[in-house]
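Q: fold the following, please.
(chains A, B, C and D)
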Amino acid sequence: MRSLFAVVMLSGVFSLLSALLFVTLDAVDVAFTEAAVGAGISTVLILGTLALTSRYEQPSKRSKVIPLIVVLVTGAALFYGTLDMPNFGDPNAAAQTHVAPEYLLQSPHEIDVPNVVTAVLASYRGYDTLGETAVVFTAAVGVLLLINGLRRRRRRNPKKDT
Amino acid sequence: MSAQAVHHTAMTLNDQLPALQILVTFIAAPLVVMFGSLRLAWPIAFAASAISFVIAVMLLSQVIDGSIISYHMGGWAPPLGIEYRVDAANAFVLVLVTAISTLVLPYARVSIAAEVPEKHHALFYTAFLLCLTGLLGVTITGDAFNVFVFLEISSLSTYVLIAQGANRDRRALTASYDYLIMGTIGATFFVIGLGFLYMATGTLNMADIADRIADQGANRTVRMAFAFIVVGIGLKVAMYPLHLWLPNAYTFAPSAITAFLAATATKVAIYVLLRFMFSVFQPSFLFEFYTLDFIILPFAIIAMFLSSFVAIFQTDFKRMLAYSSIAQIGYILLGISLLTETGLTAAIVHLFNHGITKAALFMAVGAYVLRAKGSFYDEIEGLGRRMPWTSAAVVVGGLSLIGVPGTAGFVSKWVLVQGALEKGWWPVALLIVASSLLAVIYVWRVVEVLYMKPTPADSDVREAPMSMLIPIWIAALACIWFGFNAEMTLSAAQAAALSLLVGSAGMMN
Amino acid sequence: MTEFTQEFIVGHMNYWLFIVLMMTGLYIVVAKGNLVKKIVGLNIFQTSVFMLYISMGKVVGGTAPIFPVDMNIDPNVVYSNPLPHVLILTAIVVGVATTSLALALVIRIREEYGTIEEEGILAANRSTARVEEQDHGEVMGGPV
Amino acid sequence: MRHHLILRVITKLLVGPIMLFALYVQFHGDYSPGGGFQAGVIMAVAFIIYGIVFSLDHVQRVLPPWLVHKLSALGVLIYAGTGLVSMFTGYAFLDYTALSPDHPVHGQHYGILLVELGVGVTVTGVMVTIYYAFTSRTPIMSDEAW
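A: Here you go, the predicted model:
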């Protein structure tokens, strides 16, 4: 597909569909975020980039052999790893029996917030979320450093500034 | 624990040190943006870094005897909450990282002023602080997913800092982009590995994962988790076949950033690798043993030779040092794959010694870039006479890089050879010596260019300013100091190696 | 050794599908020369990893881990595992931060090089390296 | 997009409700899906839509760039500051018990509210910052060019 516009739109559709998948897998918070980020912000940003760069991909003469090998090897390794995994939805899987039940049992008493995801996100693992906020902040610092400086009050339109 | 009956004893400043280690630089970063002042940015950054250094030294002094400090973020006991766990191994790395950043910042003031436009300085130091915070966070945490979060803080800011070299050479942008793509693939591999581990164990706390793997034994999911984590972190380490991002990134980044990254970022990544190999997975885990012996060891040896060989033929001092870094990472990985206490000690000492050596050398390169406007050999011809102090530091750093007795580099290579002989791997020991001979050649080329070639007649190059010379010489003197007083680093590294080898101390509830 | 019973295959089919998706994304990143397309590939790769995580948190017959507002929790209701959700929320945010940074870099690269195709950029970098070679003497080992 | 009358009218009508919805998601995150991050994105979208349909200058008159930059830093400081309060009162970093020692569950509620606010403020600031940075470089394209 040479038209990057179509590529971006399709990747937006992919994000939206994966958000639906997350809903069916009971991850409503994740679905909400994926829809807002994948189908929303990312798409808008990529479109903005296309407006500044180019809307069509040039045909390429690169060899596809090495990428194919890399992908096949990685995929095979992943497949090998799944062989000892518990079945999908297994309530006796390690992930379901070790730490997670404690969150579900204790958070009503310790935090008393209906949405357990919020309780874990903001309190039990609140420090991760602080790091996440810092990552977002880093992105802003980075984008400003790359394509814009820190701005003070705008000097354009001096009449209105007074 | 129940929420109603909280047995609370007020924590003292001393108890809060692990959290403060991160927080000082963490809070300084948004403060710089808040003030938005060019003049305040550098002092804030320097003060934060210096305070961090003091904290790191205090932490190291508390854990050098082999004890472990566990700090529960948010007051939640692990594995429910996130734990900070300080032992000799990571306290040692914390000291290295904060020491280098405190050394590089005074140096950066002049160097960065010459290489980055002034309007960017406030944000530049913000990114620097975030990078430092990320590296410290990765080092100190005891929670596997928290490693990923802080790894991304440091990675994102690293990409940006490297791209700042674009004011000198536009290739910094592509170097940064390539690193971003490879780094993100690496981080995603790491996340896949964590997912597999979580599936097999149901927990994210490193000590808890270790306990549960030890209980239930390894299976195919755990093996692949190990493989993906090693490849993911290996990309950050620039482990031999995954090193492709490194030469360009180091060559085109601003000088101060190259010095900082070369001395800290790869070292922190190696620490993470060590932590996973020894504390989370056990070396007795056969799959790991085979990976180390049959994959990492050969590649480490290839790296030592091939990269040194490529370094010999470079015409750019900075790029030459970048290739030499890949070779030196090979020595460290070699030490790790010996899987003995001596080998591990050698790896950790070399991690430290190579850190200070490369800091000295890359800072010296920055001085040439400032004065001679470049680091190609023909641009620095005969500068041994025009910039005597800088060039003398290059000689000292170069000797340490080779591993001449009396320098820090000698100590670590000596221990490494000992480790190899101890295991009866005398061909490996020979290879270590042989590859050092290659280092002699590439260092000699620089010395030759600096001292044997005539200075161009029209050259008006002066010695670098004091603010750069002093950090360079502190690093260079450290190379000598730790060469003669090897006891200090060796005992610390030994404590670190032991704390890694005993594996996880288990959950401490 | 694993027995490929029908139960096993059905229970693992979702993982395998996600692996196929992941590898599609990874292939785009490694094989495509267009810088924007690489970023799209990276997004697909990461999103498929998120799917893997979320699917490991699902419990059969479970529901979203949100209690009734009055906190009268019915002990018979099974809730899915909230921890992968939390991790993936963080990972999504990290992903969008990376994406925006990468796009900013692409914009700068386009301004400096006039193209966003890897081949054109490599050619430009090689010719710069050749000029350097002429100015500063031989470089063996190549500029890569 | 000066000639799109319908878009302009609809946008003016929508921006208010979008912001309200952002506030709902922000402060209702304890009870239903959502929280600081999602709220921040939605709040930023309100400004971004306004900027796309009207112009960068219009939206920057309401929300000047320097203010957005400070907001992105402010959120991180709110979050970290909450943790510092716990530290100064002798608890572990981010231990919300410190906010209400006699009734830890209330402390948790305050703490979650505060840190989610911090996340929301930062995310709004960052998303708008990124939008400004990208748009201030974008040439004005005619609608047909796509």
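Q: going by C-alpha atoms from here, please, whenever you check contacts or count neighbours.
A: Will do.
Q: residue contacts, the residue lying closest to residue B:69 once chain neighbours are set aside?
A: Distances taken as CA to CA, 6 or more residues apart in numbering or on different chains put residue B:86 closest to residue B:69, at 5.0 Å, once the chain neighbours are dropped. Counting by CA atoms under 8 Å, 6 or more residues apart in numbering or on different chains, residue B:86 makes contact with B:18, B:59, B:63, B:68-70, B:140-141.
Q: now for these, which pair is the farthest apart?
A: The largest distance within those, taken as CA to CA, falls between B:63 and B:141 and amounts to 15.1 Å.
Q: in helices, which of the contacts of residue B:86 appear?
A: B:18, B:59, B:63, B:140 (DSSP state H).
Q: point me to the residue of chain A nearest chain B.
A: The nearest approach of chain A to chain B comes at residue A:95, 3.7 Å away (CA to the nearest CA).
Q: didn't that residue look like it was pressed against residue B:200?
A: Yes: with contacts defined as CA atoms under 8 Å, residue A:95 counts as touching residue B:200 at a distance of 7.2 Å.
Q: pLDDT below threshold where in the chain?
A: As the question left the chain open, I've gone with chain A. Residues of chain A meeting the criterion pLDDT under 70: A:149-162.
Q: not what I meant, chain C
A: C:1-2, C:137-144.
Q: show me what from it comes close to chain D.
A: For chain C, the residues found near chain D under the criterion CA under 8 Å from any CA of the partner chain are C:66, C:69, C:100, C:104.
Q: got the contact list for the first one?
A: Right, residue C:66. Contact analysis of residue C:66 by CA under 8 Å, 6+ apart lists A:114-117, C:79, D:31-32.
Q: which of those has the largest number of neighbours?
A: Compared across those, residue A:117 has the highest neighbour count, 34 neighbours, by other CA atoms under 10 Å in any protein chain shown.
Q: tell me the spacing between it and residue C:84.
A: Between residue A:117 and residue C:84 the distance, using CA to CA, to the nearest Å, works out to 9 Å.
Q: related to what we said a few turns ago, burial of the residue of chain A closest to chain B, as a residue count?
A: 26.
Q: how close does it get to residue A:126?
A: When distance is defined by CA to CA, residue A:95 is 20 Å away from residue A:126.
Q: ditto for residue A:48
A: Look at residue A:48 and residue A:126: by CA to CA, they are 33 Å apart.
Q: which of the two has more neighbours?
A: Between residue A:48 and residue A:126, counted using other CA under 10 Å, residue A:126 has the larger neighbour count: 26 against 18.
Q: domain assignment for chain A?
A: Domain ranges of chain A: A:1-61, A:62-96, A:99-162, per automatic domain parsing.
Q: the closest residue to chain D within chain C in helix, strand or coil?
A: Nearest residue of chain C to chain D: residue C:69, at 6.4 Å (CA to the nearest CA). Assigned state for residue C:69: coil (three-state reduction, DSSP: H, G, I helix; E, B strand; the rest coil).
Q: contacting residues around it?
A: Contacts for residue C:69 were tallied using CA under 8 Å, 6+ apart; they are A:114, D:31.
Q: can you check residue B:55 too?
A: Neighbours of residue B:55 in contact, by CA under 8 Å, 6+ apart: B:17, B:20-21.
Q: among these, who's most crowded?
A: Going by other CA under 10 Å, residue B:21 tops those with 25 neighbours.
Q: ok, back up a step: make JSON lines from the contacts of residue B:86 and add neighbour count and pLDDT to it.
A: Putting the contacts of residue B:86 into JSON lines (neighbours: other CA atoms under 10 Å in any protein chain shown; pLDDT from 0 to 100) gives the following:
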{"residue": "B:18", "neighbour count": "26", "pLDDT": "92"}
{"residue": "B:59", "neighbour count": "24", "pLDDT": "93"}
{"residue": "B:63", "neighbour count": "22", "pLDDT": "90"}
{"residue": "B:68", "neighbour count": "16", "pLDDT": "88"}
{"residue": "B:69", "neighbour count": "18", "pLDDT": "90"}
{"residue": "B:70", "neighbour count": "19", "pLDDT": "91"}
{"residue": "B:140", "neighbour count": "25", "pLDDT": "94"}
{"residue": "B:141", "neighbour count": "24", "pLDDT": "93"}
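Q: ok, these vs chain A, which is closest?
A: Within the set of the contacts of residue B:86, residue B:141 lies nearest chain A; the separation is 10.8 Å, counting by CA to the nearest CA.
Q: the closest one pairs with what?
A: For residue B:141, the beta-bridge assignment (DSSP bridges) gives partners residue B:84.
Q: where's it relative to residue B:461, distance?
A: 46 Å.
Q: what's the distance between the most centrally placed residue in chain C and residue C:98?
A: The residue at the geometric middle of chain C, judged as the C-alpha nearest the mean C-alpha position with CA atoms, centre = their mean, is residue C:46 (2.4 Å). Residue C:46 sits 11 Å away from residue C:98 when distances are taken as CA to CA.
Q: cool, and residue C:68?
A: When distances are taken as CA to CA, residue C:68 and residue C:98 turn out to be 36 Å apart.
Q: more crowded one of those two?
A: Applying other CA under 10 Å to residue C:68 and residue C:98 shows that residue C:98 carries more neighbours, namely 27 against 14.
Q: does any bit of whichever strand or helix holds that one sit next to chain A?
A: Using DSSP states H and E, residue C:98 falls within helix C:82-113. Yes: Helix C:82-113 lies in contact with chain A when judged by CA under 8 Å from any CA; the contacting residues are C:82-83, C:85-86, C:88-90, C:92-94, C:96-101, C:103-108, C:110.
Q: helices along chain A, start to end?
A: Counting by DSSP H, the segments of chain A that form helices are A:4-24, A:28-34, A:43-52, A:65-82, A:94-97, A:100-110, A:116-119, A:126-147, A:158-161.
Q: one step back: most tightly packed of the domains of chain A?
A: When you average the neighbours per residue for each of those (mean count of other CA atoms under 10 Å in any protein chain shown), domain A:99-162 leads with a mean of 22.
Q: for the residues of chain C next to chain D, give me TSV that also has distance to residue D:83.
A: Listed next are the residues of chain C next to chain D as TSV, based on distance: CA to CA, whole Å:
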residue	distance to residue D:83
C:66	26
C:69	28
C:100	28
C:104	32
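Q: pretty sure residue B:196 is in a strand, no?
A: No: secondary structure of residue B:196, determined by three-state DSSP: helix, with no strand assignment.
Q: report the contact partners of residue C:88.
A: Taking CA under 8 Å, 6+ apart as the contact definition, residue C:88 lies against A:30, C:50, C:53-54.
Q: before we move on, what about residue D:126?
A: With contacts defined as CA under 8 Å, 6+ apart, the neighbours of residue D:126 are A:136-137, A:139-140, D:68-69, D:72.
Q: quick check: the residue of the stretch 351-500 of chain B nearest chain C.
A: As assessed by CA to the nearest CA, chain C sits closest to residue B:378 within the stretch 351-500 of chain B, at 6.0 Å.
Q: in this structure that residue contacts residue C:132, no?
A: No: shown here, residue B:378 and residue C:132 do not form a contact pair, counting by CA under 8 Å, at 11.0 Å.
Q: lowest confidence element among the helices and strands of chain D?
A: Within chain D, no helix or strand scores below helix D:56-62, which has a mean of 89 by mean pLDDT, DSSP states H and E.
Q: the helix or strand immediately after it in the chain close to chain A?
A: As assigned by DSSP H and E, the chain's next helix or strand after helix D:56-62 is helix D:65-88. Yes: for helix D:65-88 and chain A, the contact criterion (CA under 8 Å from any CA) is met by D:65-66, D:69, D:72-73, D:76, D:79-80.
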